[in-house]
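> Got a predicted model here, sequence first, then my questions.
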Amino acid sequence: MNNKTKLRWGILGAARINERLMPAIVEAANAELVAIASRRPGAAAQTLAQYAPQQQQVRAYDDLNTLLDDPEVDAVYLPLSNREHAEWTLLAIEHGKHVLCEKPMALTVSDIAAIQAAALKHKVTVMEGFMYRFHPQHARVRELIDSGIIGEVRSVRSSYSFMMRPARLYRLAENVENGGGAMWDIGCYAIHSARMFFDQPAVSVTAIAKYIESGADTAASGIVDFGDGKYAHFDFSFERARRCEYELIGTKGGIKCHNVWAMPGDVPVVSWWTEAGEQGEERLAAANHFRLEIEHFSDCALNGNAPALSLDDAKANCQIIVGALQSAATGQRVKLG
């Protein structure tokens, strides 16, 4: 048991996601922001001034390794480019830091296995950053399922999209092998949320995708087979209006989560229906899933608790993503496991 009441955080990178994560660390009851680093001269200080201007005591570094060498940093949040996640997560672990790595944890299952082994060796906490899972609306969906109101879940449909803006075009500069494109950016959400309510591992995946000249995908759809007639249908795009939802269909009815990426001021909506003609719509309390994620991870690191999202979960998600990309490239169904 750690005697500390607050986990001291450093941020490795001046990415746009800091608009959400930096205030979340500042606001979290059991966290303290102590440092941020970027390889772009002045970018760390600029990001700090933009998103946490009151945090005058936070150190801004122009070198990532300097932050890792900082003995006052207990944990790092890692929002670097997708292809760098595994490398820098391992480096942070070797420096004895706990790591919250922005999704995707890595581009291969073997890299996640290496991270898992390193975390065990160095006795640090490591988690993949799927912030949405910490919003209470998903616990409410689970409660509805457990009540038996829709019977046994037999299929899940997940849909995520937004129109790509010029400021985000860097996401399309790399090919899918190097972590570029929609699959590694929002497709991982579609697959992760589709997996959330199935207890068994996936059996196979089939997918189709649209690619651009760089080798990045801009849209894809597919089906994950969980066996016994249980399927997850995923769909995502950088070329459609904003959508972030999932729908479960069971033997007696269905449940829909209307806004998975609910922002702190948004009112989450969960609706349900049954074959008996019952239906309901619940408007839930607003919540900041970024802050809840930081508080959860900080508690795990401070008190030695296992994170809600395990590295086995990260490996399972990565396996399906890699399989879906293989299927889209070959036009063949890909068996998993």
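Received it, and whenever you're ready, just let me know what you need. Numbering: from 1, shown residues only.

> quick one: strands adjacent to the host helix or strand of Ala209?
Here Ala209 sits within strand 204-211, counting by DSSP states H and E. Applying DSSP bridges to the sheet, strand 204-211 is found paired with strand 217-225 (antiparallel), strand 334-335 (antiparallel).

> and the ones you listed as CSV, adding mean neighbour count?
Placement of C-beta: from N, CA and C, glycine included. Putting these into CSV (neighbours: other Cβ atoms under 10 Å) gives the following:
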stretch, mean neighbour count
strand 217-225, 22
strand 334-335, 16
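
> Domain-wise, how is the chain divided?
7-132, 133-290+318-335 (automatic domain parsing).

> Tell me if Tyr160 really is in a strand.
Yes - Tyr160: assigned to a strand according to DSSP: H, G, I helix; E, B strand; the rest coil.

> my guess is it contacts Arg243, does it?
Yes - the criterion here is Cβ atoms under 8 Å, and Tyr160 meets it with Arg243 at 6.3 Å.

> more neighbours, those two?
Tyr160 (25 against 18; other Cβ atoms under 10 Å).

> Just list whatever residues bridge to that one.
Per DSSP bridges, the residues bridged to Tyr160 are Phe236, Cys244.

> Which pLDDT value goes with it?
At Tyr160, the pLDDT value in this model is 97.

> Please renumber the chain so that the first residue is 388 from this point on.
Taking 388 as the first residue, the last one we looked at is Tyr547.

> Pull the contacting residues for it.
573-574, 576-577, 622-623, 630-632, 647 (Cβ atoms under 8 Å, 6 or more residues apart in numbering).

> separation between it and Leu394?
With distances taken as Cβ to Cβ, to the nearest Å, Tyr547 is found 30 Å from Leu394.

> rewinding a little: looking at the domains of the chain, which is buried most?
domain 394-519 (a mean of 20; mean count of other Cβ atoms under 10 Å).

> and the end-to-end length of that one?
From its first residue to its last, domain 394-519 covers 21 Å (Cα to Cα, to the nearest Å).

> and that domain, average pLDDT?
Domain 394-519 comes out at a mean pLDDT of 97.

> Which residue would you name as the spatial centre of the protein?
By Cα atoms, centre = their mean, the mean C-alpha position of the chain lies nearest to Phe517, the distance being 2.3 Å.

> Strands of the stretch 388-537 of the chain, start to end?
With DSSP state E, counting those that start in this stretch as the criterion, the stretch 388-537 of the chain has strands at 394-399, 418-424, 446-448, 462-465, 485-489, 513-516.

> Leu478 contacts Asp456, correct?
No - using Cβ under 8 Å as the test, Leu478 is too far from Asp456 to be in contact (10.8 Å).

> Tell me where this protein has helices.
Shown for the chain, the helices assigned by DSSP state H span residues 405-414, 430-438, 451-456, 472-481, 496-509, 523-533, 569, 575-582, 676-690, 698-717.

> Now do the fifth one: distance to the chain's middle.
Between the mean C-alpha location of helix 496-509 and the chain-wide mean there is a distance of 18 Å, by Cα atoms, centre = their mean, to the nearest Å.

> CA atoms only for it, dumped as PDB, please.
What follows is helix 496-509, C-alpha atoms only, in PDB (Å, rounded to 0.1, in the frame of the first residue of the first chain):
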ATOM      1  CA  VAL A 496      -0.100  -8.500 -30.100                       C
ATOM      2  CA  SER A 497       3.500  -9.400 -29.500                       C
ATOM      3  CA  ASP A 498       4.400  -5.900 -28.500                       C
ATOM      4  CA  ILE A 499       1.600  -5.800 -26.000                       C
ATOM      5  CA  ALA A 500       2.900  -9.200 -24.600                       C
ATOM      6  CA  ALA A 501       6.300  -7.600 -24.200                       C
ATOM      7  CA  ILE A 502       4.700  -4.600 -22.400                       C
ATOM      8  CA  GLN A 503       2.800  -7.000 -20.100                       C
ATOM      9  CA  ALA A 504       6.000  -8.900 -19.200                       C
ATOM     10  CA  ALA A 505       7.900  -5.600 -18.600                       C
ATOM     11  CA  ALA A 506       5.200  -4.200 -16.400                       C
ATOM     12  CA  LEU A 507       5.200  -7.400 -14.300                       C
ATOM     13  CA  LYS A 508       9.000  -7.300 -14.000                       C
ATOM     14  CA  HIS A 509       9.200  -3.600 -13.000                       C
END
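
> Name the surrounding residues that touch that helix.
So helix 496-509 is contacted by 473, 476-477, 480-481, 483, 486, 492-493, 512-513, 698-699, 701-702, 705-706, 709 (Cβ under 8 Å, 6+ apart).

> show me what contacts Ser546?
Counting by Cβ under 8 Å, 6+ apart, Ser546 has contacts 577, 621-623, 630-633.

> cutoff 10 Å now
If you count contacts by Cβ atoms under 10 Å, 6 or more residues apart in numbering, Ser546 has them with 577, 580-581, 608, 620-624, 627, 630-634, 647.

> What is the nearest of the residues you listed to Gly566?
Among these, Phe623 lies closest to Gly566 (Cβ to Cβ), at 15.5 Å.

> Would you mind confirming that that closest one makes contact with Ala577?
Yes - the pair Phe623 / Ala577 is scored as a contact, 4.7 Å apart, by Cβ atoms under 10 Å.

> Need the overlap of contacts for the two.
Contacts common to Phe623 and Ala577, judged by Cβ under 10 Å, 6+ apart, are 545-548, 569-570, 607-609, 631.
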